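coords please:
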Amino acid sequence: MNKKDLAAEIIRISGGSPEKCMRCGKCTGACPAFDDMEVHPHQFATMIREGRVEELAAKKGLYNCMSCFACSERCPRSVEPARLIEAVRVYALRQSGGNHLAADDVPGLLDEALPQQAITSALRKYAK
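This is a model prediction of the structure:
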């Protein structure tokens with residue numbers, strides 16, 4: 001898949017709108033993981049727009065995003081940086097190999113202390 005098609009796929013998966021980003025930095029200012037990320041939310045939107053998805057997928061800081069959606073809440077243009085980051089995470093995980101979690105594995109993972117949303121999210125991320 002070429003860079004343009006890959007960027008379009010990330011946008012489709014996420015429902016985000018990186019083309020709306022005006023680089024105001026409000027998303028980055030709200031990010032509690034700012035210090036731990038090599039690429040900040042507003043830079044993320046720009047890099048996707050430029051088709052630099054593979055570069056983003058290789059960043060270790062990609063997994064430091066807390067998925068708190070503070071960036072999306074602060075964005076005045078509904079860019080949805082958290083959804084873009086999540087879509088690139090899913091892409092990176094799927095590129096790393098086959099399925100890591102099957103639906104049949106879920107019952108064994110259930111725990112009263114673990115939110116069911118975590119299991120659902122893991123299944124979505126680790127299954128093709």
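
going forward, measure contacts and count neighbours with C-alpha atoms only.
Fine.

SS state for the residue nearest to the spatial centre of the chain?
Centroid check for the chain by C-alpha atoms, centre = their mean gives residue 86 as the closest residue, at 1.6 Å. Classification of residue 86 by DSSP: H, G, I helix; E, B strand; the rest coil places it in helix.

any idea how far it is from residue 111?
According to C-alpha to C-alpha, to the nearest Å, residue 86 stands 24 Å off from residue 111.

Kindly report the same for residue 40.
34 Å.

send the alpha carbons of stretch 8-28 over as PDB?
C-alpha atoms of stretch 8-28 as PDB (Å, rounded to 0.1, in the frame of the first residue of the first chain):
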ATOM      1  CA  ALA A   8      -6.400   7.300   3.800                       C
ATOM      2  CA  GLU A   9      -6.900   3.900   5.500                       C
ATOM      3  CA  ILE A  10      -5.800   5.300   8.900                       C
ATOM      4  CA  ILE A  11      -8.300   8.200   8.400                       C
ATOM      5  CA  ARG A  12     -11.000   5.800   7.400                       C
ATOM      6  CA  ILE A  13     -10.400   3.500  10.400                       C
ATOM      7  CA  SER A  14     -10.200   6.400  12.900                       C
ATOM      8  CA  GLY A  15     -12.900   8.600  11.700                       C
ATOM      9  CA  GLY A  16     -10.500  11.500  12.500                       C
ATOM     10  CA  SER A  17      -9.800  14.500  10.300                       C
ATOM     11  CA  PRO A  18      -6.100  15.400  10.200                       C
ATOM     12  CA  GLU A  19      -6.700  17.800   7.200                       C
ATOM     13  CA  LYS A  20      -8.600  20.100   9.600                       C
ATOM     14  CA  CYS A  21      -5.600  20.500  11.900                       C
ATOM     15  CA  MET A  22      -4.400  24.100  12.100                       C
ATOM     16  CA  ARG A  23      -1.500  23.200  14.400                       C
ATOM     17  CA  CYS A  24      -2.800  25.300  17.300                       C
ATOM     18  CA  GLY A  25      -1.300  22.900  19.900                       C
ATOM     19  CA  LYS A  26      -4.300  22.900  22.200                       C
ATOM     20  CA  CYS A  27      -4.400  19.100  21.900                       C
ATOM     21  CA  THR A  28      -0.700  18.800  22.900                       C
END
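
Perfect, I'm done here.
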